[in-house]
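Trainee: Quick check, what structure comes out for this input:
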Amino acid sequence: MAKKTFLDFESPIAELDAKIEELRYVQTESAVDISSEIDQLAKKSLQLTKDIYSDLTPWQITKISRHPERPYTMDYINDIFTDFVEMHGDRHFSDDLSIVGGLARFNGAACMVIGQQKGRDTKERAMRNFGMSKPEGYRKALRLMKTAEKFKLPVFTFVDTPGAYPGIDAEERSQSEAIGRNIFEMAQLEVPIITTIIGEGGSGGALAISVCDQLVMLQYAVYSVISPEGCASILWKTSEKAEMAADALGITAHRLKALGIVDKIVNEPVGGAHRDHKQMTAFLKRALVDAYRQVSDLKTKELLDRRYERLMSYGKFSDIKADAKAERADSKASHK
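Mentor: Here you go, the predicted structure:
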């Protein structure tokens, strides 16, 4: 059994799990039956996990979204989609491995799948640049979306990135232009786009593949304009206040759902998606089927109009004081 990675706030669970493993080892070595004690401790561990995860802070959720054992894009592609054929290169510069994409089938229907892949071990992380894409990655994603549009295929995107790569080489090849171009083109793409935030949704790096018709977000994923550490560094000149920044940023799924940015939140298994990949995949597949059903039958004009309305609704607010003043003025006028 692979060794579990526990986060700092999960230390009580880690201690219990260590005891359970110890007892299991003792049982295999001795003739004494202690399975009832093991079961009891396992139940206690499950309850403790539920208690800890029922009251998480935004900063703790950020840590869960970055957990190294969370399912990544390729895990979901292999488990949810069939007949996946990866496509490479942006036809301009090179192939950016931090973005994976290609043709696949979703419940038997052809589609295009695109997503950011972080990498499991040191070698893969270096190869995939920790999921931070360069301009060629976004241009590859755009090329695949244009191919999908040509053949009238729906597009499924999976977001999991700390942000776009901020290196000199990326800037030399117009990083911001590549992101802006993707946003511009996705806003008018004539096929349904369903986006899922599966881990970190970091700033423009996430936005470049998440202009969509349906935005699905996992329960312990985050989606923000800047990382909590980056925000704290700007506001307080120290990244140590990241926890305070995470509270203020409003980066969690439930907060974003309340603001109308996220359409559907997918619940994760007890203890997060990294505890049970199979169950997480089943939950997400059900949510994607539902999300696709809502947009699959729309005519092109209706689809684009809905997408435009959706984009223009972001940031809408009503001035309560101004409304109250107007009401008072109206009531005075009616009394006269």
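
Trainee: Count the neighbours of Lys50 for me.
Mentor: Using other Cβ atoms under 10 Å, Lys50 has 11 neighbouring residues. Where C-beta positions appear, they are placed from N, C-alpha and C, glycine not excepted.

Trainee: And the pLDDT at it?
Mentor: If you check Lys50, the pLDDT there is 89.

Trainee: Ok, the one 10 residues further on next?
Mentor: Gln60 is assigned a pLDDT of 94 by the prediction.

Trainee: List the contacts of it.
Mentor: Gln60 sits next to Leu7, Phe9 when contact means Cβ atoms under 8 Å, 6 or more residues apart in numbering.

Trainee: Which strand or helix spans it?
Mentor: Per DSSP states H and E, Gln60 falls inside helix 58-65.

Trainee: Export the next helix or strand after that helix to PDB, keeping only CA atoms.
Mentor: Later in the chain than helix 58-65, the nearest helix or strand by DSSP H and E is helix 73-80. The C-alpha atoms that make up helix 73-80 are tabulated as PDB, following Å, rounded to 0.1, in the frame of the first residue of the first chain:
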ATOM      1  CA  THR A  73      -6.100  15.700 -15.700                       C
ATOM      2  CA  MET A  74      -4.700  12.400 -17.200                       C
ATOM      3  CA  ASP A  75      -6.300  10.400 -14.400                       C
ATOM      4  CA  TYR A  76      -9.700  11.800 -15.300                       C
ATOM      5  CA  ILE A  77      -9.100  11.400 -19.000                       C
ATOM      6  CA  ASN A  78      -8.200   7.800 -18.600                       C
ATOM      7  CA  ASP A  79     -11.200   7.000 -16.300                       C
ATOM      8  CA  ILE A  80     -14.000   9.200 -17.700                       C
END
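
Trainee: just checking, next helix/strand downstream of helix 73-80?
Mentor: Following helix 73-80 in sequence order, the next helix or strand is strand 82-86 (DSSP H and E).

Trainee: any idea of the mean pLDDT for whichever helix or strand comes after that next one?
Mentor: Downstream of strand 82-86, the first helix or strand assigned by DSSP H and E is strand 99-106. Summarised as a single mean, pLDDT over strand 99-106 is 96.

Trainee: Show me what strand 99-106 is packed against.
Mentor: Packed against strand 99-106, as judged by 3 or more Cβ pairs under 8 Å, 6 or more residues apart in numbering; DSSP states H and E, are the following elements: helix 73-80, strand 82-86, strand 109-116, helix 135-150.
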